[in-house]
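Chemist: coords please:
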Amino acid sequence: MSTLSRPAERIDRVLDAATDLLVRWGYQRVTIEEVARHAGIGKGTVYLHFRTKEALFLTVLLRAHHGVVAGMIDRIRADPAEALPSRMLRSVFLALAEDPVVRRLYLGDSEILGRLAHEAADTLGELAQRRAEIGRAWFGLLRDAGLLRTDLDVSAQLYLLSAVNNGFYFVESLPSPTTPGDPARRADVLRHALAASLEAPGAPAPGAATAEAVAELFASLIEHIDDEWQRRLR
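Modeler: Okay, here's the model as predicted:
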């Protein structure tokens, strides 16, 4: 059986091609015909798996989110300290700095997404809502373990994290004489800021049980992402 005759590998090939073209050309310019040509298959084969162009490119976005969250889970299970907001954001920053394609998709680059951003509003809105619910549960676990400060309520702390998370690549583009262009240096500045503003001074690293509970929360987000992904496949 050839590689392209195996459905899972064929889908990956289509998604790889669609991702590359989306980032290079933007949603408006890419056609299913071009995706098929880039993947080395027929247009009908793309439609065998995806009903519409929108379904295909929503799956591209969902796959980017899956990869970022899966990386977070792996790091937490390898090192419980990664369950802390400051460490998690630092690691995500560095992971996205190393992968400009995933960065632009994960952060919702309007220049390349165009109309897709509006067409994806319901799907990504549901995902954002689920992420917010998980964020609240995550911070609840850390607060119960004495790892977060209590001078702000959870909503305020999540707002702070979201503001930093959503804005760090805008900030990265600004000139700064005190923050060199080295991504690791910028990541350390963000880690320091979040640790000082969110985390309890002198608190120990999260225990293994707390870290695993956090990992399980994010694993439930992976399940939600994958359910949305599967809904778009024939």
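
Chemist: which stretches of the protein have low pLDDT?
Modeler: 1-6, 122, 167-181 (pLDDT under 70).

Chemist: mind running it again at 80?
Modeler: 1-6, 100, 104, 106-111, 115, 117-125, 165-182, 234 (pLDDT under 80).

Chemist: What is the helix ranked longest in it packed up against?
Modeler: Of all the elements of type helix in the chain, the one with the most residues (DSSP state H) is helix 53-78. Here helix 53-78 touches helix 7-25, helix 32-39, helix 85-98, helix 100-106, helix 115-119, helix 121-144, helix 208-231, going by 3 or more Cβ pairs under 8 Å, 6 or more residues apart in numbering; DSSP states H and E. For every residue, glycine as well, the C-beta is placed using N, CA and C.

Chemist: Could you list the buried residues of the fifth one?
Modeler: The one in question is helix 115-119. 116, 119 (16 or more other Cβ atoms under 10 Å).

Chemist: Can you give the contact residues for the host helix or strand of Ala196?
Modeler: For Ala196, the host element (DSSP states H and E) is helix 183-198. By Cβ atoms under 8 Å, 6 or more residues apart in numbering, the residues outside helix 183-198 that reach it are 84-87, 89-91, 93-94, 97-98, 148-149, 157, 160-161, 164, 168, 172, 179-180.

Chemist: Pull out the buried members of these.
Modeler: Buried among the contacts of helix 183-198 by 16+ other Cβ under 10 Å: 84-87, 89-91, 93, 97, 148, 157, 160-161, 164, 168.

Chemist: okay, among those residues, which ones form the most distant pair?
Modeler: Ala97 and Leu148 (26.1 Å; Cβ to Cβ).

Chemist: Test my guess that Ser110 contacts Ala117.
Modeler: Yes - contact criterion Cβ atoms under 8 Å: Ser110 and Ala117 qualify, at 5.9 Å.

Chemist: can you list the domains in the chain?
Modeler: 1-49, 66-231 (automatic domain parsing).

Chemist: Any chance of these in a markdown table with distance to Phe57 as columns?
Modeler: Shown next, in a markdown table, are the domains of the chain (distance: least, Cβ to Cβ, whole Å):
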| stretch | distance to Phe57 |
| --- | --- |
| domain 1-49 | 6 |
| domain 66-231 | 5 |
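
Chemist: circling back: return the set of buried residues in the helix holding Ala196.
Modeler: Buried, per 16+ other Cβ under 10 Å, within helix 183-198: 186-191, 194-195, 197-198.

Chemist: Now do it against helix 85-98, angle only.
Modeler: With axes from the mean of the first three to the mean of the last three Cα atoms, to 10 degrees defining the directions, helix 183-198 sits at 160 degrees from helix 85-98.

Chemist: Helix 183-198 vs helix 121-144, what angle?
Modeler: In terms of direction (the same axes, to 10 degrees), helix 183-198 departs from helix 121-144 by 60 degrees.

Chemist: Distance from helix 183-198 to the middle of the chain?
Modeler: The chain centroid and the centroid of helix 183-198 are separated by 19 Å, computed with Cα atoms, centre = their mean, to the nearest Å.

Chemist: Repeat that for stretch 23-30.
Modeler: That offset, for stretch 23-30, works out to 20 Å (Cα atoms, centre = their mean).

Chemist: Kindly export that stretch (C-alpha atoms) in CSV.
Modeler: The C-alpha coordinates for stretch 23-30 follow below in CSV (Å, rounded to 0.1, in the frame of the first residue of the first chain):
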residue,chain,number,x,y,z
VAL,A,23,1.1,31.1,5.6
ARG,A,24,2.7,32.0,2.3
TRP,A,25,-0.4,33.3,0.4
GLY,A,26,-3.1,33.9,2.9
TYR,A,27,-6.6,32.3,3.1
GLN,A,28,-8.2,34.4,0.4
ARG,A,29,-5.7,33.4,-2.3
VAL,A,30,-5.4,29.7,-1.6
